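Participant: Model the following, please.
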Amino acid sequence: MEEFSGVETWRVFRIMSEFVDGFESLRNIGPAVSVFGSARTKRNDWSYQMTVKTTEILSRSGYSIISGGGPGIMEAANRGAKRGKGLSIGLNIQLPMEQKMNRFQDKSLHFRHFFSRKVMFVKYASGYLIMPGGFGTLDEFFESLTLLQTGKIRRFPVVMMGKKYWGGLIRWMETTMVAEGTISRSDLDFFFLTDEPREAAEHIVKFHKERVLAVGERRKAMLPPEESPTL
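Facilitator: Model (predicted):
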């Protein structure tokens, strides 16, 4: 038992090191969009091509792009970031079937634990792009909705791409979850569904333009009324 306790103690330090490394490496990346989707997606698939186009537009709009660092949609996200001349980041994970890093990353981090990696995805994100994917993609999508619904994170845009792919899930949420009262109809406003790369990118950009004040306006808003500059 004592030997086991020692092993667990050192595991805590390894977990701490992942958080420290992540915080230090990502603290200056600026506004970023985290992208999720299937690692099994092929390069000629619709979702791969749409991911490249969307992240290229976002990169040219000033956003860094964060992916899981692997193949499929992750590769497409990093590839689009490179095309758009933006910062391309991969949060790689060690898996029993080793994940192969894609070659389109400017900055690569490596994690052993999913939960510390997931913190980095949300902590540094100014938006989420949800492409067609499996259990991991659903996990990230519903976690973001949970955090937004409960007010545990600041509001940011969540964009889903693939009306045909996601349509059945969203209809079920509307006809079952809303009908049963397990979520509110207003909770469906936490995400936006589209098939168009430019529309997806513009939704994210517009969200921040409408909510982020210019520097002078932020300063004015912070000053007490009597100290506000007068014309």
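Participant: so which helix or strand takes in the spatially most central residue of the chain?
Facilitator: The residue lying closest to the centre of the chain (CA atoms, centre = their mean) is Ser34, at 2.5 Å. Assigned by DSSP states H and E, Ser34 belongs to strand 32-36.
Participant: Show me what that strand pairs with in its sheet, parallel or antiparallel.
Facilitator: Strand 32-36 pairs in its sheet with strand 64-67 (parallel), strand 127-130 (parallel), by DSSP bridges.
Participant: Helix or strand next in line after that strand, which one?
Facilitator: helix 46-60.
Participant: contacting residues for Phe19?
Facilitator: Each residue near Phe19 by CB atoms under 8 Å, 6 or more residues apart in numbering is listed here: 116, 119. Quick note: C-beta positions are derived from backbone N, CA and C, even for glycine.
Participant: How about Met120?
Facilitator: Going by CB under 8 Å, 6+ apart, Met120 touches 22, 26, 66, 91, 109, 111.
Participant: Over to Gly80?
Facilitator: 51-56, 58-59, 65.
Participant: which one of those residues is nearest Met16?
Facilitator: When the contacts of Gly80 are compared for distance to Met16 (CB to CB), Ile65 wins out at 27.0 Å.
Participant: Can you give me the pLDDT of the nearest residue to that closest one once chain neighbours are set aside?
Facilitator: Closest residue to Ile65 in three dimensions, ignoring its sequence neighbours and counting by CB to CB, 6 or more residues apart in numbering: Ala81, at 3.6 Å. If you check Ala81, the pLDDT there is 96.
Participant: any idea which of the strands paired with strand 32-36 is most buried?
Facilitator: Most buried of the strands paired with strand 32-36 by mean neighbour count (mean count of other CB atoms under 10 Å) is strand 64-67; its value is a mean of 30.
Participant: Quick one: residues in contact with it.
Facilitator: 29-35, 55, 58-59, 73-75, 77-78, 80-81, 86-91, 102, 120-121, 124-125.
Participant: try it again with 7 Å
Facilitator: For strand 64-67, the surrounding residues in contact (CB atoms under 7 Å, 6 or more residues apart in numbering) are 29-30, 32-35, 55, 58-59, 74, 77-78, 80-81, 86-91, 121, 124-125.
Participant: Buried ones only from these, please, as a PyMOL command.
Facilitator: Those of the contacts of strand 64-67 that count as buried under 16 or more other CB atoms under 10 Å are selected in PyMOL with:
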select buried, resi 29+32+33+34+35+55+58+59+74+77+78+80+81+86+87+88+89+90+91+121+124+125
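Participant: Run through the strands of this protein in chain order.
Facilitator: With strands called from DSSP state E, the chain shows them at 32-36, 64-67, 88-93, 107-111, 127-130, 158-161, 191-194.
Participant: looking at those, which has the lowest confidence?
Facilitator: Comparing mean pLDDT across these, the weakest is strand 107-111, with a mean of 88.
Participant: in its sheet, what does that strand sit against?
Facilitator: If you go by DSSP bridges, strand 107-111 pairs up with strand 88-93 (parallel).
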